[in-house]
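Visitor: Pasted the sequence and its predicted model underneath.
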Protein chains: 2
Amino acid sequence: MKEYGQYCPMAHALDLVGERWSLLIVRELLEEGALRYTDIHCRLTGCGTNILAARLKRLEQGGVIHRRQLPPPAASTVYELTEYGEALRPVMHQLAHWGARSLGPPTSEGVLEPGWLAGALRIALPPTASCIEFRVGDEVGYVEGDEAYAGSAEMPQAVVEGDVASFYELLVNRELDAVTVRGDEDAVRELLAKLPPRTPDVPAPLAAALS
Amino acid sequence: MKEYGQYCPMAHALDLVGERWSLLIVRELLEEGALRYTDIHCRLTGCGTNILAARLKRLEQGGVIHRRQLPPPAASTVYELTEYGEALRPVMHQLAHWGARSLGPPTSEGVLEPGWLAGALRIALPPTASCIEFRVGDEVGYVEGDEAYAGSAEMPQAVVEGDVASFYELLVNRELDAVTVRGDEDAVRELLAKLPPRTPDVPAPLAAALS
DNA sequence: CGGCATCCTCTTTGATACTG
DNA sequence: CAGTATCAAAGAGGATGCCG
């Protein structure tokens, strides 16, 4: 893509990561740490291999990511964020928060990429002292302290289970009855109580926003 | 542009503001408040009128901006951010900070849009008790408290003057001698001392980043 | 004029096929 | 596995035209 050609930090940032797919690649690397070409490709449904190659090249030239050769015997090349690329984490976090405010319930045709649950928990939930596991559809993840992880917790105080719509109900409408809770239900209640205040309203709903 | 089609707040945010030019439109509205179609267009060199119209429509549908009819006699339509669009301010601020780390000196062909100085000051400078005016090229702006404004200050404690390269020297390398200071030079020195620590280094310089 | 819509050319995308 | 090659379709950029 042509650069904007403005001497402005915003425009420059967009020259580096503003192209289509670029920030989603960064998102994957932020969540997974280091990924092979094919791993990235299969997580980004709709992104052609040529586009991916072009973006990776550009991000590398921009100092956002770098290629590394895995030590033998698994000598495959992986991509990971540079220190500079890592610095995008707070930006991405805020942007995701912003986007979440107008992200409707998952009724639409949205594709859920593997590992989405840990990302969702990380964004949605405040730090908690408890360890709570979530099973949503075929995804499993848990929160503990101020981080969220994919997979099962070792000693969860509570396990929350439900489908994607119930999960949305829980997080957005604080509807505890939407899901089934095993274990310490009060720990979940406490977590919900610590959620940031509901953002009042977003003018246009998702359906209208996207033609 | 086609949507990403992922049920993910990041992807959704990019569906709303991730298209080319969209975030630059938001930047203008954040800085100027409300602008007419033509004002936006002349601030975005390179953006065709059809593109601008399409982006404005999309941003409006997404609830990021809205159109308003100015009261008579100047009954022209202006665009401004909704409350939801305003919420992009911290995101943009962080993104600009990130971009500034790899934005080189202004030797390149970068175009300086009118009003850039206030934006630059807002991003670069920490809150200050003093009121300091900057004259860079033909732009004038000043900082006071935790905000930055375009135009002349009424009672500046100091006036800093120089060209764009000197301004960059001042902010990035803390080189006070690069510019001429009238009035309370210590106020400027104090401001520089409060700048955040220099970010160590960005792997690839601007020149290499952009082919 | 200010606020777009249209037309046209050129680049980018997205999907598939192919190669070291 | 990690990309490059190819190609149709969509989007970007520029000029111009229309309409209040």
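Guide: The structure has been received and is ready for your questions.
Visitor: per-domain residue ranges of chain A.
Guide: Following automatic domain parsing, chain A resolves into domains at A:9-86, A:105-193.
Visitor: Quick check: which of those domains is nearest to DNA strand C?
Guide: Closest of the domains of chain A to DNA strand C is domain A:9-86, at 3.0 Å (criterion: C-beta to the nearest atom of the strand). (Glycine included, C-beta is placed from N, CA and C.)
Visitor: distance between the ends of the closest one?
Guide: Domain A:9-86 has its terminal residues 18 Å apart, counting by C-alpha to C-alpha, to the nearest Å.
Visitor: go on, stretch A:2-15?
Guide: Termini of stretch A:2-15 sit 8 Å apart (C-alpha to C-alpha).
Visitor: Quick one: check that stretch for contact with DNA strand C.
Guide: Yes. Using C-beta under 7 Å from any atom of the strand, stretch A:2-15 comes into contact with DNA strand C via A:Lys2.
Visitor: where's that stretch relative to the chain centroid, distance-wise?
Guide: How far stretch A:2-15 lies from its chain's middle: 25 Å, per C-alpha atoms, centre = their mean, to the nearest Å.
Visitor: for chain A, which strand is longest?
Guide: Counting by DSSP state E, the longest strand found in chain A is strand A:128-136.
Visitor: Now that strand: average pLDDT?
Guide: On average, the pLDDT along strand A:128-136 is 91.
Visitor: Run through chain A and note the low-pLDDT ranges.
Guide: Within chain A, the ranges that satisfy pLDDT under 70 run A:73, A:106-114, A:196-211.
Visitor: what does it put close to DNA strand C?
Guide: Counting by C-beta under 7 Å from any atom of the strand, chain A sits next to DNA strand C at A:1-2, A:19-21, A:46-51, A:54.
Visitor: how about the residues you listed in JSON lines, adding neighbour count?
Guide: As requested, these are arranged in JSON lines below (neighbours: other C-beta atoms under 10 Å in any protein chain shown):
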{"residue": "A:Met1", "neighbour count": "12"}
{"residue": "A:Lys2", "neighbour count": "7"}
{"residue": "A:Glu19", "neighbour count": "18"}
{"residue": "A:Arg20", "neighbour count": "18"}
{"residue": "A:Trp21", "neighbour count": "21"}
{"residue": "A:Gly46", "neighbour count": "14"}
{"residue": "A:Cys47", "neighbour count": "18"}
{"residue": "A:Gly48", "neighbour count": "11"}
{"residue": "A:Thr49", "neighbour count": "10"}
{"residue": "A:Asn50", "neighbour count": "8"}
{"residue": "A:Ile51", "neighbour count": "16"}
{"residue": "A:Ala54", "neighbour count": "15"}
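Visitor: Now, these that are in helices?
Guide: A:49-51, A:54 (DSSP state H).
Visitor: how about the helices of chain A, start to end?
Guide: Under the criterion DSSP H, chain A contains helices at A:9-17, A:22-32, A:37-43, A:49-61, A:83-86, A:89-100, A:116-124, A:164-173, A:185-193, A:206-209.
Visitor: for these, which one sits closest to B:Pro127?
Guide: Closest to B:Pro127 of the helices of chain A, according to C-beta to C-beta: helix A:9-17, at 18.7 Å.
Visitor: ok, and does that closest one reach over to DNA strand D?
Guide: No. Between helix A:9-17 and DNA strand D, judged by C-beta under 7 Å from any atom of the strand, nothing touches; the nearest distance is 11.3 Å.
Visitor: Just the angle for that helix relative to helix B:22-32, thanks.
Guide: 170 degrees (axes from the mean of the first three to the mean of the last three C-alpha atoms, to 10 degrees).
Visitor: which helices and strands does helix A:9-17 pack with?
Guide: The helices and strands touching helix A:9-17, judged by 3 or more C-beta pairs under 8 Å, 6 or more residues apart in numbering or on different chains; DSSP states H and E, are helix A:22-32, helix A:49-61, helix B:22-32, helix B:89-100, helix B:206-209.
Visitor: Just the angle for it relative to helix B:116-124, thanks.
Guide: Using the same axes, to 10 degrees: helix A:9-17 against helix B:116-124 is 70 degrees.
Visitor: what's the neighbour count on the residue nearest to A:Glu144 when sequence neighbours are not counted?
Guide: Spatial nearest neighbour of A:Glu144, chain neighbours left out: A:Cys131 (4.2 Å); criterion: C-beta to C-beta, 6 or more residues apart in numbering or on different chains. A:Cys131 has 19 neighbouring residues, counting by other C-beta atoms under 10 Å in any protein chain shown.
Visitor: Thought A:Val160 was touching A:Cys131, still the case?
Guide: No. The pair A:Cys131 / A:Val160 is not scored as a contact, 11.8 Å apart, by C-beta atoms under 8 Å.
Visitor: Which positions within stretch A:29-45 qualify as buried?
Guide: Within stretch A:29-45, the residues that count as buried by 16 or more other C-beta atoms under 10 Å in any protein chain shown are A:29-32, A:35, A:37, A:40-41, A:43-44.
Visitor: quick one, what contacts A:His12?
Guide: A:His12 is in contact with A:6, B:99-100, B:102-103, B:206, counting by C-beta atoms under 8 Å, 6 or more residues apart in numbering or on different chains.
Visitor: Could you list the contact residues of chain A toward DNA strand D?
Guide: With C-beta under 7 Å from any atom of the strand as the criterion, chain A meets DNA strand D at residues A:1-2, A:36-39, A:48-50, A:53, A:56, A:67, A:76-78.
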